[in-house]
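Asker: This is a predicted model, with the sequence first.
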Amino acid sequence: MEYVICLVILILTIVFLKFIFKVNFAELKKLQENEGISKITDNFPENVEIAKEYLEMLENEEVIIEETHDSKTSLYLVMTNKIVIADMKNNYARLQVIAHECIHSIQDRRLLLFNFIFSNIFILSFLTCIILTILKVVSNISIPLFILTFMSLIQFSVRSFLEIDAMIRSRFLVKEYIEKKQIIASCEANIILDEYERTNKVGIPFVIYNLLTVHILWLATYLIVGIVMKMF
């Protein structure tokens with residue numbers, strides 16, 4: 001019965017966090033498109049060129065840059081020191097997205113490596129706990145649940161720091177880049193920066209909520225497996 005109560009608490013926590021962080025999926029969807037700002041950002045170079053200029057400003061030009069049209073997600077791969085730029089045609093946020101990944105490339109490498117390695121260890125630990133519980137090698141799920149919860153807290157702390165740090169610093173990098181290039185008028189620059197600021201105000205709470213929710217769902221999944229196995 002106590003495990004069922006824990007499961008209910010986890011589900012209610014997701015709802016509570018959504019309320020606390022004022023997560024509005026409709027507003028997030030609206031932020032994905034802005035034709036007016038897209039026309040302004042079209043004045044800037046191609047994505048790869050922007051990334052190269054960012055990295056030059058950050059004095060980190062050893063990073064490999066790759067653009068792909070098969071993905072909608074841009075990311076920095078710490079193991080290969082590579083930035084993968086997604087297909088962002090007509091995306092008004094491309095200046096900020098690319099800046100975000102470039103900021104990742106200059107973050108503490110120890111933290112980046114830890115985040116990558118520990119996230120994989122967590123997944124392996126989760127799968128191991130699931131398998132051992134299904135095979136009834138583990139009868140008391142409290143210990144695995146505690147271990148997974150502890151690991152979730154560690155991973156959330158590191159990942160959220162890396163993401164929020166990159167989100168905040170990327171706006172300042174964009175501002176410096178726009179001022180350096182002098183391609184657009186100051187009023188247009190202000191429009192872009194104000195929109196990016198608004199994006200961060202909505203995006204940062206969403207990132208925290210999303211990361212927390214993912215880990216809560218991991219724990220809830222294990223609880224469900226444990227509860228089901230106790231019924232047999």
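Answerer: Arrived safely, thanks for sending. Numbers count the residues shown, from 1 in each chain.
Asker: what about the helices in this protein?
Answerer: Using DSSP state H, the helices of the chain run over 2-20, 25-30, 35-41, 47-57, 94-104, 109-134, 142-181, 186-230.
Asker: Just name the most buried of those helices.
Answerer: Comparing the helices of the chain by mean neighbour count (mean count of other Cβ atoms under 10 Å), helix 94-104 ranks first with a mean of 24. Yep, even glycine has a C-beta here, placed from its N, CA and C like the rest.
Asker: Give me the below-cutoff pLDDT ranges for the protein.
Answerer: The chain contains residues with pLDDT under 70 at 29-33, 89.
Asker: Apply 80 and report the result again.
Answerer: Confidence mapping of the chain against pLDDT under 80 gives the ranges 1, 25-35, 71-72, 89-90, 232.
Asker: so what's residue 183 closest to, chain neighbours aside?
Answerer: Excluding its sequence neighbours, the residue lying closest to residue 183 (Cβ to Cβ, 6 or more residues apart in numbering) is residue 43, at 5.0 Å.
Asker: my guess is the one you found contacts residue 182, does it?
Answerer: No. In this structure, residue 43 is not within contact of residue 182 by Cβ atoms under 8 Å, at 10.9 Å.
Asker: mind listing what residue 152 touches?
Answerer: Taking Cβ atoms under 8 Å, 6 or more residues apart in numbering, we find residue 152 in contact with 122, 215, 218-219.
Asker: Could you rerun that using 6 Å?
Answerer: By Cβ atoms under 6 Å, 6 or more residues apart in numbering, the contact list for residue 152 reads residue 215.
Asker: ditto for the one 4 residues further on
Answerer: Applying Cβ under 6 Å, 6+ apart, one finds that residue 156 lies in contact with 211, 215.
Asker: Same question for residue 83.
Answerer: Contacts of residue 83 (Cβ under 6 Å, 6+ apart): 51, 63, 65, 76, 101.
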